[in-house]
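Enquirer: Build me a structure from this.
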Amino acid sequence: MKHFSKLKKVILSGMMVTMLCGCLGTSGLGSKVKKWNLEVVEHRWAREGVFLGLHILWVYRITGLLDLLVFNSIEFWSGENPINGKSPLSEIPLEIAEKIGFQNVEKALIERMDANNAKMQINFENGDLMTFDVVRTDGNYTVSYLGKEFFQGTIQDFSAAN
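Expert: Sure thing, here's the model as predicted:
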């Protein structure tokens, strides 16, 4: 009984460490299961039956737990989810958004698409939302909206604000 208590503490400690180093992430495994559920049958009542079955069998709970403890943590440390290959949304300091020329910004997020391309999402205090393309070339980056160049900067300036 004493060994079980020590083992329990070790497992709980390990879970806490992995949970604390994780991020919101893209939850790739859970998303794949949900997508599969929508595609497995076309009839909506049959799809509901599959949905209930997956809940009864704890499939959604297990995939959610694996996303939380394993895959989203890997995504946090590596910058890419091993299940879906997506990058997490990372917050940009408001100073960067203001330097680019935005005012009244509530939140600025960026998602890396590949080594040189990203999407920047700006949420404004009035509820508006805009998405920009960010392209890196050597030590510089360009922010554009609907194909029109909006801002140019250097990677060093961006890094200094972090």
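Enquirer: can I see the domain layout of this structure?
Expert: As given by automatic domain parsing, the domain ranges for the chain are 2-78, 89-161.
Enquirer: how deep is residue 72 tucked in, by neighbour count?
Expert: 25 (other Cβ atoms under 10 Å). To be clear about C-beta, it is placed using only N, CA and C from the backbone, and glycine gets the same treatment.
Enquirer: Wait, it touches residue 27, no?
Expert: Yes: counting by Cβ atoms under 8 Å, residue 27 is a contact partner of residue 72 at 6.6 Å.
Enquirer: Tell me where this structure has helices.
Expert: Remark: helices assigned in the chain by DSSP state H are 2-20, 28-40, 44-56, 59-66, 72-78, 94-100, 155-161.
Enquirer: between these, which gets nearest to residue 145?
Expert: For those, the distance to residue 145 is smallest for helix 94-100, at 10.9 Å, taking Cβ to Cβ.
Enquirer: Export the domains of the chain as TSV, with columns for mean pLDDT.
Expert: Listed next are the domains of the chain as TSV, based on pLDDT from 0 to 100:
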stretch	mean pLDDT
domain 2-78	79
domain 89-161	80
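Enquirer: list the buried ones in stretch 104-121?
Expert: For stretch 104-121, the neighbour count (16 or more other Cβ atoms under 10 Å) marks 105, 108, 110-112, 118, 120 as buried.
Enquirer: Which members of the residues you listed are the farthest-apart pair?
Expert: Of all pairs in the buried residues of stretch 104-121, the most separated under Cβ to Cβ is 105 and 112 at 20.1 Å.
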